[in-house]
Structures are given as structure tokens and as C-alpha cells.
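Student: Predicted structure and sequence below. I'll ask about it afterward.
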Amino acid sequence: MGRCRQRRYIHLRNELHDDFFLLEPGSSERARESIAGPVDPTGGFPLGTRLESFMSPNRKRRYAGSMLTYSQPPVLLRDAIGDLDAVVGLLERNAPYTPLGGWYRNVGDPNAVTSPLWFQNDWVHADLAVEGSNLFMCDERVIEAARNFYGAEVIVPHSLYVNIMAAISESGPAHTDNPMFRGRSRANTPMWLLRAMLWSGLFDRWSIVQATAIWWMNDVEGGGLSYWPDGPAKPPHRHAGDMANTSLVGDNHGMFHQVEPVGPFEAGTQLVTAAAELAPTDDGSGDWTVTDRGEVVYRAPLGRFRVSVLWKASVYRTEEERRSVECDTLSLDDVARIFDAALAERGVDFRFDLDRLDAPELNRALAEVYPEAVPIGAGRSVFDA
Ligand SMILES: [Fe+2]
């Protein structure tokens, strides 16, 4: 098992290195070929082939002019983690936790009391692997479930996050997880552009297929998960009640999902500043507290918080495929050229200006041409409140 772990981490580092830094010249040529002709002579795949090839035909959906693939329903594992004390140790050692940031959280004034009790921390990413994280990272049942889900041989776990939530009367945002493309990631590309790339369907060839597992530690009041395995136009399914020590393995990048309201609900949604921290108390009670600007503003046993751990892995049908595509990366020039060609074909006037990526007009114009889907039956998001 130790060897297995070591090997996986070597894969992990290679994977992330490739993703973030291999922005080779020459990819421009391949990018142009991908829209000009059906087959990449360098040995890649016809446009759109990779994603579709992972999915059964009845799960494909055409939406807003782009081909998106919606997953099979995720796979539910019960009694997912054998050593729950080890998870508590992980949680304690890696405190404190800070309020969720990122794409859905526009934190302006750090003193504004606008953050719900939704705390997050990274346990594994490119430069980090906290002690004990192999409990999740190398979980053979999860890896096997991902393998079966995608019909793929190579699963490369690369990220682990934890979410801890309480007292949120609204839902989380209904969303698909942030897309990843070879050569383009959050490290070098604005998130709005990555999402426009996803919804355009123009960059499927470079998409790094991602498997996700979500594990829940306990049952709390509320806190279910709505998910849309039949696509955004069909009603959601739910995983709610009896969630303790279950894990849901599937495609959160192709399937909308949403955290349902999390109790306790008596006092409504509790809000704190972005500087608040969640940590265990040191008084032996087993309680965890939220401290904001020097004051304890919320206190409860760990078992009353909704604790979930998210695992992510890259998916390749074969090791040969992984190697064959790893240098086929996208530069920003490629992205601009491919968008511009598609816009010209549609008769749309505006063109990409890489010197003005921060300009909201570009974001708005692309969103108009390639709108994100809005899933039906979604609850109101706490971040829209
Ligand atoms: Fe998500």
C-alpha cells in the first residue's frame, strides 16, 4: 500500500506540473488543426471525441449549441471510511478553517459581515498533501468506482478539500465544478474564461476529464445534495438523510449539483466576516467554535456541523492515452484564435483581445453567445441572498 501511495503522488506531481506549466509552442498549430479538420495528425483525437467516448450515448445532451456530456448517476458507497477517528484527527490537525472564497464568493470589504458558516480548507493540491490525507487519496474503493464509472483504466487523484457548514437556511449555488483543460487552469486563466470555454464546447479535446467523490461524515439537520444526472432540464435527484459515512462518486464537472439548506435553522443564516475562523476548542468539550473579530459567534459539537470531503482525480482511458495527450496543451493564443474562428462562423462581430482579458465586455459578450445552463428546480443560493 505504501508503494501504491508513493506512486500515486509521483503521478500527482507530474499531472499538475503538466497542467500548469507545459505551455509549449506548437500547441497553436494543433489547436488550429482541431477546428480546421476532423483529426489531429499529431495523434490526438477528433474534436470532442474524448469526453463523448467516456459516456454512454443515452447520457449525451446537446445544450445551447454545445455538446455537453452528462454523467451516469453517481455511484453511492456506504461505510466508505473505516477509520472515522483518523478523519477527526485530520480535521483537528488542519484547523483553523476559513470562510469559502472563490468563484461564487465575491469578498469585497473584509470587514463586511457577509459570509455564511461555510468553511473550507485544502488538504491536497499541487504543492500540498497534509499528513494522513492518503486515507482519502488512495481509497481503493473510490478509485475502483471511478474506474468503473468512466470505463477507464487510469485514475490520478490530485486534490482533496474539506467543507464544514452550519446554519445556512438557503442552498449553496447550483453549479458544475470548475473545468480544467490541458494548459489552462485557474493558475493561468480567469475563471470566467475557463467556464466560457466549457460552455462553448470548443475545447472538449483539451478537457481533462475529472472524477469527483464527495464523502459525508455525519447526518445533520438538512444538508442534502441535489444533483441533476439527467441534465439541467430535468428535475434533480437527491441524496438526503442517512448520509453519514457515504460517498458519492461521479462527474461533478458534467453534472449540476447543489448543497441543500444546512441546519440548525432556528436562527436563520448566520453570517460572519471573511476573517472568521472555525476550530476545535481546547477545553476538552469536543465543541468547535467560530471566532470572528475576537468573539466566539457560534459553538457546536463537531457532529452538528455538515462535514464533507471532496476528492478529485483526472481520468484517462489508458496509460497510453495519458502519455499521448500530455503535451497537447492550449495557450491563451490558441483560446483566442479558436473563439475568434467560431465567432466569425456565427457572424458575431466582436473578437478576442488578450490585452483586455479583465474587461467585463468580453466576459459578457461570450456569455451571451455561450450561456451557462440554469438547472430547473434549484433552490435559492445563499450567495444570491
Ligand atoms: Fe461542486
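Tutor: Nice, I can see it. Residues are numbered from 1 along each chain as shown.
Student: Apart from its neighbours in sequence, what residue is nearest Ala359?
Tutor: Asp353 (7.3 Å; C-beta to C-beta, 6 or more residues apart in numbering). Yep, even glycine has a C-beta here, placed from its N, CA and C like the rest.
Student: What's the local residue count around the one you found?
Tutor: Counted with other C-beta atoms under 10 Å, residues neighbouring Asp353 total 11.
Student: Next, work out how far apart it and Tyr370 are.
Tutor: Distance of Asp353 to Tyr370, computed by C-beta to C-beta, to the nearest Å: 17 Å.
Student: next one: Gly379
Tutor: Distance, Gly379 to Tyr370, by C-beta to C-beta: 25 Å.
Student: other SSEs contacting the host helix or strand of Ser247?
Tutor: According to DSSP states H and E, Ser247 maps onto strand 246-250. Judged by 3 or more C-beta pairs under 8 Å, 6 or more residues apart in numbering; DSSP states H and E, the packing partners of strand 246-250 are strand 75-77, helix 140-150, strand 210-216.
Student: Looking at these, which one is packed in the most?
Tutor: Comparing those by mean neighbour count (mean count of other C-beta atoms under 10 Å), strand 210-216 ranks first with a mean of 24.
Student: strands paired with that strand, and their directions?
Tutor: On the basis of DSSP bridges, the sheet neighbours of strand 210-216 come out as strand 246-250 (antiparallel), strand 306-316 (antiparallel).
Student: Let's test this: mean pLDDT of it, rounded?
Tutor: Strand 210-216 shows a mean pLDDT of 97.
Student: Tell me what angle that strand forms with helix 140-150.
Tutor: 140 degrees (axes from the mean of the first three to the mean of the last three C-alpha atoms, to 10 degrees).
Student: immediately after strand 210-216, which helix or strand?
Tutor: strand 225-227.
Student: Format the CA atom coordinates belonging to stretch 373-385 as PDB.
Tutor: Only the C-alpha atoms of stretch 373-385 are listed here, as PDB (Å, rounded to 0.1, in the frame of the first residue of the first chain):
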ATOM      1  CA  ALA A 373     -27.400  26.400 -18.400                       C
ATOM      2  CA  VAL A 374     -29.600  27.100 -15.300                       C
ATOM      3  CA  PRO A 375     -30.900  23.800 -13.800                       C
ATOM      4  CA  ILE A 376     -34.600  23.600 -13.100                       C
ATOM      5  CA  GLY A 377     -35.800  23.000  -9.600                       C
ATOM      6  CA  ALA A 378     -32.700  24.600  -8.000                       C
ATOM      7  CA  GLY A 379     -33.000  26.200  -4.500                       C
ATOM      8  CA  ARG A 380     -32.200  29.900  -4.000                       C
ATOM      9  CA  SER A 381     -28.500  30.300  -3.400                       C
ATOM     10  CA  VAL A 382     -27.200  31.900  -0.100                       C
ATOM     11  CA  PHE A 383     -24.800  33.900  -2.300                       C
ATOM     12  CA  ASP A 384     -27.700  35.400  -4.200                       C
ATOM     13  CA  ALA A 385     -29.300  36.500  -0.900                       C
END
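Student: So what touches that stretch?
Tutor: 63-64, 68, 104-105, 116, 118, 168-174, 199, 226, 228, 232-236, 256, 258, 260-261, 269 (C-beta atoms under 8 Å, 6 or more residues apart in numbering).
Student: and if we set it to 6 Å?
Tutor: In this structure, residues lying in contact with stretch 373-385 by C-beta atoms under 6 Å, 6 or more residues apart in numbering are 63, 104, 116, 168, 170-171, 173-174, 228, 232, 235-236, 256, 258.
Student: Then stretch 308-326?
Tutor: Under C-beta under 6 Å, 6+ apart, the answer for stretch 308-326 is 15, 18, 43, 136, 146, 150, 152-157, 159-163, 208-216.
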